[in-house]
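# no sequence for this one, just the structure:
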């Protein structure tokens, strides 16, 4: 066997391993999503309970792109005919499963100007969530919320393990071009912590009880509809 043949076999083996890994990741996502749907239907809730301290945050610094009414971060054309509200926590594993399954569908609908998405990033799973959400607000202030949102979910740590430290968040930001002094400073100083409290409070007032929760033009989607087909159908019906 020649060196070329050996290299070819190795390349094919590597490609086969990568394909198998992709299939396994997809299988796990489907299983997780199915189990989540069943569990939540039985429990009568979505994800985890949202708690709001409702402290006075009237002087909070609000990032660019945040809606005045509920402080969600708007992604997409303001003139899009349908508004999709998405409530998530960056440390919530069910939210990650939702993004892996339906994130591309949402992005495609945004790109087609069929929807605008209002992301309400909550922080109820501890300090890890608060640090990540503060960093996401800093990213929004520089016009890179969507990119940073995806990077955070792709690098989600296990719950309550001390993940999403500021040093890591700064590094993740640099991977999507967030390298400014303002971004780094906001991450390290918790600049948007009061803003986070406002988002949590607005979600609580709306009756959001967990994550992920999705509304299409004000109508809450059932757990079984939190799929690419379910979201697409809801958007089509609302158009």
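Great, that's in hand. In this text the structure is predicted, and so the values were computed from the model without any measurement.

# Report the residue ranges of every domain in this protein.
By the assignment in automatic domain parsing, the chain contains the domains 1-44, 46-238.

# Let me know which of those is tucked in deepest.
domain 46-238 (a mean of 19; mean count of other CB atoms under 10 Å). Any C-beta I mention is one placed from the backbone N, CA and C, and that applies to glycine too.

# Strands along the protein, start to end?
Assigned by DSSP state E, the chain shows strands spanning 73-75, 82-89, 115-122, 213-216, 219-220.

# Mind checking those strands for the one nearest to residue 163?
strand 82-89 (12.8 Å; CB to CB).

# helices or strands up against that closest one?
Where contact means 3 or more CB pairs under 8 Å, 6 or more residues apart in numbering; DSSP states H and E, strand 82-89 is packed against helix 93-111, strand 115-122, strand 213-216, helix 228-238.

# Please state the offset of it from the chain centre?
Its chain's C-alpha centre and that of strand 82-89 lie 9 Å apart, by CA atoms, centre = their mean, to the nearest Å.

# What angle do helix 93-111 and that strand make with each other?
Orientation check (axes from the mean of the first three to the mean of the last three CA atoms, to 10 degrees): strand 82-89 against helix 93-111 gives 160 degrees.

# List the strands paired with strand 82-89, with their directions.
Strands adjacent to strand 82-89 in the sheet, as given by DSSP bridges, are strand 115-122 (parallel), strand 213-216 (antiparallel).

# Report the rounded mean pLDDT for that strand.
Throughout strand 82-89, pLDDT has a mean value of 98.

# swap in stretch 168-185?
Here the average pLDDT along stretch 168-185 is 98.

# end to end, how far does that stretch reach?
Stretch 168-185 has an end-to-end distance of 14 Å (CA to CA, to the nearest Å).

# low pLDDT regions in the chain?
1-59 (pLDDT under 70).

# And the helices in it, which stretches?
Ranges of helices within the chain are 3-43, 93-111, 127-141, 145-154, 166-174, 181-189, 193-206, 228-238, based on DSSP state H.

# OK, contacts around residue 107?
Residue 107 makes contact with residue 146, according to CB atoms under 8 Å, 6 or more residues apart in numbering.

# how about a markdown table for the helices and strands packed on strand 82-89, with distance to residue 130 added?
Listed next are the helices and strands packed on strand 82-89 as a markdown table, based on distance: least, CB to CB, whole Å:
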| stretch | distance to residue 130 |
| --- | --- |
| helix 93-111 | 15 |
| strand 115-122 | 10 |
| strand 213-216 | 19 |
| helix 228-238 | 28 |
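
# Indicate which one of these is closest to residue 198.
strand 115-122 (10.4 Å).

# starting at the chain centroid, how far to that closest one?
That offset, for strand 115-122, works out to 9 Å (CA atoms, centre = their mean).

# and that strand with helix 145-154, angle?
Using the same axes, to 10 degrees: strand 115-122 against helix 145-154 is 50 degrees.

# what's strand 115-122 in contact with?
Residues from elsewhere that reach strand 115-122, judged by CB under 8 Å, 6+ apart: 50, 67, 70-78, 80-90, 106, 109-110, 129, 132-133, 136-137, 145, 149, 196, 199-200, 202-203, 208, 211, 235.
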